[in-house]
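Q: Sequence below, structure please.
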Amino acid sequence: MPYNVPVEATLDVIGGKWKVVILCHLDKGDKRTSELKRLMPDITQKMLTQQLRELEHDGMVKRTSYEQVPPKVVYSLTPYGWSFKPILDAMCAWGEQHILQNELVEV
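A: Numbers count the residues shown, from 1 in each chain. Now for the predicted structure:
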C-alpha cells in the first residue's frame, strides 16, 4: 500500500484506541488474554481479540499456544514490536506532560 507520508504507515499498524495500550502492557512482560482484559476493563473481548490478531498479523506481537488443559495462550512483543519501544516511551512521557498541563489549566 503506498503512503503519502511515513506516519501513515505507522498509523496503519498502531492506529485505533487499543493497540498502543496493548503494546504498553506487553512492554511490561508477556500476558495472557485474561490478564490483558483485566488491565483494560473498558475493552470488549471481541475488540481485544481483533486488536491482538491485527498486531500479530503486522508482526508486532507473538501468540504462543501451550497444549495443556485448560489451554494457555500467551502474547509477547516480537523483536519488531520491541523496536517500537522508544516511540511508546516518548508517547508515555508526552502523555504525562499532557496530564500535568491539563491539571494546571483546570486550576
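Q: So His25, which state does it fall into?
A: Per DSSP: H, G, I helix; E, B strand; the rest coil, the secondary structure class of His25 is helix.
Q: now the residue nearest to it when sequence neighbours are not counted: how far from Thr33?
A: Closest residue in space to His25, ignoring its immediate chain neighbours: Leu39 at 5.2 Å, by Cβ to Cβ, 6 or more residues apart in numbering. Placement of C-beta: from N, CA and C, glycine included. Here the criterion is Cβ to Cβ, to the nearest Å. By it, Leu39 lies 11 Å from Thr33.
Q: What of Tyr75?
A: Counting by Cβ to Cβ, the gap from Tyr75 to Thr33 is 7 Å.
Q: Identify the contacts common to the two.
A: Common neighbours of Tyr75 and Thr33, counting by Cβ atoms under 8 Å, 6 or more residues apart in numbering, are Leu52.
Q: who's more crowded, those two?
A: Neighbours per residue (other Cβ atoms under 10 Å) separate Tyr75 from Thr33, with Tyr75 holding more: 21 against 16.
Q: List the buried residues for the biggest helix by length in the chain?
A: Counting by DSSP state H, the longest helix found in the chain is helix 85-106. Buried residues in helix 85-106, counted by 16 or more other Cβ atoms under 10 Å: Leu88.
Q: Can you list the residue ranges for strands in this protein?
A: Here the chain has its strands, by DSSP state E, at 31-32, 61-66, 72-77.
Q: Look up how far Met60 lies from Ser91.
A: Actually, residue 91 is Met rather than Ser. 15 Å.
Q: brain fart, Gln45
A: As judged by Cβ to Cβ, Gln45 and Met60 stand 20 Å apart.
Q: Residue ranges in this structure under the pLDDT threshold?
A: For the chain, applying pLDDT under 70 flags the ranges 1, 107.
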